[in-house]
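**Q** Following is a predicted model, sequence given first.
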Amino acid sequence: MNEPAKTWSVPDSLIGKRIPKMDAPDKASGRTRYIQDLEIPGALHGKILRSTRVHARILSIDTSAAKALAGVHAVITAADVPWQRPIGVGRDHLPLKADRVLSLRDEIAAVAADSEAIAEAALKLIRVVYEPLPVLATTIAASAPGAPRLHPDRPDNVAMTFDYAQGDLAQGEAESDVVVEDVFRLHYVTHCCMGVSGVIAEFDPSGNLLLYSNTQVPFLHKREFAELLGIDPGRIRIIQPPIGGGFGSKLDIYPFEPIAIFLAGITKRPVKLVFTREEEFIASPTRQPVLLKLRSGCRKDGTLTFRDVETVHDNGAYTSWGATTPFVMMQTISSLYRVPHCKYRTVAVYTNNPYAGSFRGYGNLQATFAVEAHMDKLAEAVGMDGLAFRLKNAQHPGEVTPQGMHFKSCGLKECLTTAAQRSDFLRKQAENRSRWNDPDPVKRGIGMASMLHVGGGAKIYPSDGCGTILKIDDFAHVTLITGASEIGQGSETVLAQLVCEELGLPMTAVTVVNNDTDITPWDVGVHASRTTFIAGNSAIGAARKAKRKILEAAAAKTGNRIDELGLAGGFITASSGEKLFELAKFLRSLHFSDKADLVMTSFYYEPPSRHQDKQFKGDVSAAYAWATQVCEIELDTETGIVRLLKVTGAHDVGRVLNRLGIEGQIEGGIVMGQGYALTEDLRVEAGVIRNPNFRDYKLVTAPEIPEMDISFIETMDGEGPQGAKGVGEAPAICIAAAVANAIHNATGTRITALPFAPENVYRALHGASEPPVWNAA
Amino acid sequence: MLRAGDVTVLAGGTDLMPQTQAGRLRFRPVLMNVRRVPELKGIAEDNGVVRIGALVTITELLDSALVRERLNLLWQACDHFASDQIRNAATIGGNLCNASPAGDTLVPLLALEARVVLAAKPNGTLQIRRVPLAQFLLGPGRSCRGLTELLAAVEVPLPGAGFVGEFYKHGTRPGLDISTISIAAGARRDGAVLRDVRIAFGAVAPTVIRAPRAEAALEGHRADAATLEAAVQAALAEIHPISDVRASDWYRRELIHNMLKRVLTHVCKL
Ligand SMILES: Cc1cc2nc3c(=O)[nH]c(=O)nc-3n(C[C@H](O)[C@H](O)[C@H](O)COP(=O)(O)OP(=O)(O)OC[C@H]3O[C@@H](n4cnc5c(N)ncnc54)[C@H](O)[C@@H]3O)c2cc1C
């Protein structure tokens, strides 16, 4: 029988092409089965009773009425799991609270029932008696002498401290002709993933645990759950259904996950626990709120001399990743521009507020907001324009910063000049300024900010690696099994693309398997803009092994050297381009020989990066991403409304792999940055979230999205997959800083507190605001 | 069904559903869907009065040439209303019966001196009463509609020829927002002098309100900067805004001050 003819339509190279996301048709047509859609036979529905008090002693919990409700299978409290252990980054958090609640989200009891409605009805029947305790609503209150301890082992309520220094601050100050100082206040926002948090837990009769989970870090979680349950991590399997966004929120372990596991263990049934939207607002993490004092100096010629930073992090009731954002903040302080002398100090203080987790940008939005305000301020003080001032202090390729970061490739200067030219920055800046005193209440402003972020992984854990298994069947179909999780960012598409590029196959020839810890190789998780870089290098490694194997076999047949052969368009080709064998046919012929060993494994193990030492010095990433964004705004001085009209961005992305994917990342990141700057504001008052809903928590809507002009600066990073760097977080980082500078350009008023919501801006313009003051205890 | 009185009326459900979901409201034993009652639909003019059926949706108001041309103040308010999806479901009757001080159609309707038509059938015969909007609204979420009454329609007398109005809504974003404050203002110019001055506000008092003293400061006067300022000052004495999660009372006052001036400047073509 003749083989069916195959039609390959493979262009020369896939790199830089616009490739639709592989999961897009399913998502657009509603076929994707998220965790909400998974119906496990026999599953019960879990619900959590949360505290109604911000800070209180639990005197008693009466679950008898709830237990008696028909359809209820279990009602548990801390008393039912005396062996539970503290969880989370700080290991300071019991899943079910025993005698005290420290914040409004605190978990007191949980129910497993036949339906969500029954579970909810049961929650209403649980009676909790509290004895109120004084609420520590601010870091000042929590630091006051005699303030109640929130955690017994922390007499001063300090959760964490960070101290970093380089050079000699006194010398830096002495050499300065200009010194400026400001206090900045960064507010609470939250991720608002369309896919809320959720988990399904199920034990098999031998006690093996299966979790369907929206986590971003399946392999690390295996270990944490194992510790919690006192079982071998090998007995835990995590399957990730398609995840509706992560943005960092699913990077830590949270009480609802152990609680679902407890319920599954006790009822011996699968238990599904998925948040409501209100719960997602109340009980998923926030971005780290920060109070930051910055002192900076420069010489008359515009050379930066020093930076001195102190921050207070409101840690909330428990410690998650938010407390550790200084790792990233100090990189921006010390190394976004060349500054010889730096000091950085953070104190994270426990309060009764919600606690912060990791969130796209990881402290960098906060640090960049402060640093870029001072870049403008110093430039003005020495009579330079903001562009020239930044260029004078910008990093360049080859630089090793005092913090130990090595910028093997660095496109900051190109980013600055490109964004400035394309936005006509200097001309517009001067024109806007000249209109300060004209009678039109509606002003225009333009502002610039740059950023530095890890773009080649981040050595946060002992390893930053990712494994790949790649198999090719005898129809030349590739299955790429990768440790890297897809959370909507498009990683599976770009990984498939990198493999196709090596093997000369079309995108349709690849299936990606990436969501089952029993199948996929180890990976450290989706975070730190690392997946394309790390998992991409790993996938390329496996594809190259396969390619070599195929070409070796072909060379044996044709007598060529393997470097005279290639893979293109589904064929094994000669250097002349002549098609020698159809790849699928060739693989089938191999199949009937002893050479059909087409399962490859590869680890990108490790990227050439170094863990920071005790002084926070180290080259933590194999590559660094850069960007400059220019924001143009319109500001109505009679209402305080700021409209973001246009963003001109220039991004050092190493190289564009999937153009459609990178545009999506950058556009989405800009909108997230816009929300942070202008509209999003999680209002926490005395520990209570006042607006846990989309009516009063304002996400940016379609008509508000600005015009965007994005340029890619391709610095072809030597270590990057096909030269690329990570860009997942970069686009969200500069917007608030650039908008702040634009507001100053429009009005002459510098606002140092976020968000730029209408009333806040109006108050600042009319002298009716309370600018942030430094009140660290 | 209504006669028994223990009924929740369902129109578009865009207030009802979120309110019950949030636990702020409980359905009564009977949920009565009125969406297919033909008598509650339609927009028609008769003898200088436009009758808008309670079930008319915001989208239908926007699509109506009569509303756009003759009740433009109401049309503008609809143009600031929620999003397309909500506009397709939300009815004018629901907006009125919900009686929110921030209800967007209520502000122009008040300025246009509309009255609501309430219908009941206590003993088999239809009883109709007409109530001016200002008397219909009693407080946040409260109206004088009896438990056994249905809002059948709202009647709006056509403003005189040459009447120009402007609606302003302040929210933090262009769509999908509840008014922080809203203003409906209109007048007719008789040479240099203003006539038929109407000013109404949303979200600055327990109900939407008219501003009679501000109107009086303009009525029969020449439209100049000093008169406008006097009207704005009069208006500030008539509002009682509160502080809530959306805005402080101070900011609401500032907005009324600045934006009433801006709206009046446009209306008076200063
Ligand atoms: C996302 C969102 C955005 C919104 N944006 C706006 C906005 O921009 N501006 C604004 O003003 N409002 C807004 N609303 C509120 C709401 O859409 C409006 O108030 C709408 O007009 C209500 O109409 P409905 O037909 O949906 O009322 P329903 O929810 O069906 O009913 C509302 C109330 O009126 C009663 N009722 C309804 N019809 C009758 C009748 N004929 N007789 C007697 N009682 C009746 C019901 O029993 C109920 O108590 C928004 C709501 C949502 C969910």
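**A** Cool, the structure landed. Numbers count the residues shown, from 1 in each chain, chains lettered A, B, ... in the order given.

**Q** Going by C-alpha atoms from here, please, whenever you check contacts or count neighbours.
**A** Noted.

**Q** Nearest spatial neighbour of A:Phe603, chain-adjacent residues omitted?
**A** For A:Phe603, ignoring the flanking residues on the chain, the nearest one in space by Cα to Cα, 6 or more residues apart in numbering or on different chains is A:Gly467 at 4.3 Å.

**Q** So that neighbour: helix, strand or coil?
**A** Here A:Gly467 is recorded as strand under DSSP: H, G, I helix; E, B strand; the rest coil.

**Q** For it, list the residues it contacts.
**A** For A:Gly467, the set of contacting residues under the criterion of Cα atoms under 8 Å, 6 or more residues apart in numbering or on different chains consists of A:482-483, A:520-523, A:535, A:538-539, A:601-605.

**Q** so which of those is the most crowded?
**A** A:Ala539 (34 neighbours; other Cα atoms under 10 Å in any protein chain shown).

**Q** Spell out which parts of chain A neighbour the ligand.
**A** For chain A, there are no residues in contact with the ligand under the definition Cα under 6 Å from any ligand atom.

**Q** Also chain B?
**A** By the rule Cα under 6 Å from any ligand atom, the part of chain B lying against the ligand is B:8-16, B:54, B:81-82, B:89-95, B:97-98, B:103-104, B:150-152, B:176-178.

**Q** What about chain A: which of these touch it?
**A** Counting by Cα under 8 Å from any Cα of the partner chain, the subset of the residues of chain B next to the ligand that neighbours chain A consists of B:Asp177, B:Ile178.

**Q** looking at chain A, which helix or strand is least sure?
**A** Every helix and strand in chain A was compared by mean pLDDT, DSSP states H and E; the lowest is strand A:599-604, with a mean of 80.

**Q** Report the strands that pair with that one, each with its relative direction.
**A** As defined by DSSP bridges, the strand partners of strand A:599-604 come to strand A:466-472 (antiparallel).

**Q** ok so, going back, please save the CA atoms from whichever helix or strand comes after the least confident helix or strand of chain A in PDB.
**A** Moving toward the C-terminus from strand A:599-604, the next helix or strand (DSSP states H and E) is strand A:624-636. What follows is strand A:624-636, C-alpha atoms only, in PDB (Å, rounded to 0.1, in the frame of the first residue of the first chain):
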ATOM      1  CA  TYR A 624      18.600  40.100  32.400                       C
ATOM      2  CA  ALA A 625      15.700  41.800  30.700                       C
ATOM      3  CA  TRP A 626      15.500  45.600  30.100                       C
ATOM      4  CA  ALA A 627      12.800  47.900  29.100                       C
ATOM      5  CA  THR A 628      11.800  51.500  28.800                       C
ATOM      6  CA  GLN A 629       8.200  52.600  28.700                       C
ATOM      7  CA  VAL A 630       6.900  56.100  27.900                       C
ATOM      8  CA  CYS A 631       3.400  56.900  29.000                       C
ATOM      9  CA  GLU A 632       1.300  59.700  27.700                       C
ATOM     10  CA  ILE A 633      -1.700  60.800  29.700                       C
ATOM     11  CA  GLU A 634      -4.500  63.300  29.800                       C
ATOM     12  CA  LEU A 635      -5.400  64.700  33.200                       C
ATOM     13  CA  ASP A 636      -8.500  66.600  34.100                       C
END
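
**Q** Establish whether strand A:624-636 and chain B are in contact.
**A** No. Strand A:624-636 stays out of contact with chain B when judged by Cα under 8 Å from any Cα, the minimum separation being 10.8 Å.

**Q** Let me know the secondary structure of A:Ala112.
**A** Under the three-state scheme (three-state DSSP), the conformation of A:Ala112 reads as strand.

**Q** hang on, isn't it packed against A:Lys47?
**A** Yes. A:Ala112 is in contact with A:Lys47 according to Cα atoms under 8 Å; the separation is 6.7 Å.

**Q** so how far is the first residue of stretch A:241-258 from its last?
**A** Distances were taken as Cα to Cα, to the nearest Å; on that basis the terminal residues of stretch A:241-258 are 18 Å apart.

**Q** How about stretch A:455-463?
**A** From start residue to end residue, stretch A:455-463 stretches across 16 Å - Cα to Cα.

**Q** next one: stretch A:740-755
**A** 10 Å.

**Q** as a whole number, average confidence for it?
**A** Averaged over stretch A:740-755, pLDDT sits at 98.

**Q** Buried residues of it, list them for me.
**A** Taking 16 or more other Cα atoms under 10 Å in any protein chain shown as the neighbour-count basis, stretch A:740-755 is seen to contain the buried residues A:740-747, A:749-755.

**Q** can you confirm A:Ala348 is in a helix?
**A** No. Remark: A:Ala348 does not belong to a helix; assigned using three-state DSSP, it is strand.

**Q** In this structure it contacts A:Ala323, no?
**A** Yes. Proximity of A:Ala348 to A:Ala323 meets the contact threshold set by Cα under 8 Å, at 6.2 Å.

**Q** Near chain A, which residues of the stretch 51-200 of chain B are found?
**A** Those residues of the stretch 51-200 of chain B that sit near chain A, judged by Cα under 8 Å from any Cα, are B:Thr172, B:Arg173, B:Pro174, B:Gly175, B:Asp177, B:Ile178.

**Q** Where neighbours are concerned, which of the residues you listed has the most?
**A** Of all these, the most densely surrounded is B:Thr172 (24 neighbours; neighbours counted as other Cα under 10 Å).

**Q** what's the residue nearest to that residue when sequence neighbours are not counted in contact with, if anything?
**A** Nearest residue to B:Thr172 in three dimensions, chain neighbours excluded: A:Pro758, at 6.6 Å (Cα to Cα, 6+ apart). Taking Cα under 8 Å, 6+ apart as the contact definition, A:Pro758 lies against A:Thr639, A:Gly640, A:Ile641, A:Val642, B:Thr172.

**Q** could you dump the residues of the stretch 51-200 of chain B next to chain A to TSV with secondary structure?
**A** Formatted as TSV, the entries for those read as follows, by three-state DSSP:
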residue	secondary structure
B:Thr172	coil
B:Arg173	coil
B:Pro174	coil
B:Gly175	coil
B:Asp177	coil
B:Ile178	coil
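
**Q** Surely A:Leu210 is in a strand?
**A** Yes. For A:Leu210, which was evaluated using three-state DSSP, the result is membership in a strand.

**Q** Identify the bridge partners of it.
**A** Partner residues in beta bridges with A:Leu210: A:Glu202, A:Arg237, with DSSP bridges as the criterion.

**Q** so what's it scoring on pLDDT?
**A** 98.

**Q** I'd like to know how far it sits from chain B.
**A** Using Cα to the nearest Cα, to the nearest Å, we find A:Leu210 at a distance of 33 Å from chain B.

**Q** Mind exporting the C-alpha coordinates of stretch A:490-500 to CSV?
**A** As requested, the backbone C-alpha atoms of stretch A:490-500 are provided in CSV (Å, rounded to 0.1, in the frame of the first residue of the first chain):
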residue,chain,number,x,y,z
GLY,A,490,1.7,30.5,26.2
SER,A,491,4.7,28.4,27.3
GLU,A,492,3.5,25.3,25.6
THR,A,493,3.3,27.0,22.3
VAL,A,494,6.7,28.6,22.5
LEU,A,495,8.3,25.3,23.7
ALA,A,496,6.6,23.4,20.8
GLN,A,497,7.9,26.1,18.5
LEU,A,498,11.5,25.8,19.6
VAL,A,499,11.3,22.0,19.1
CYS,A,500,9.8,22.4,15.6
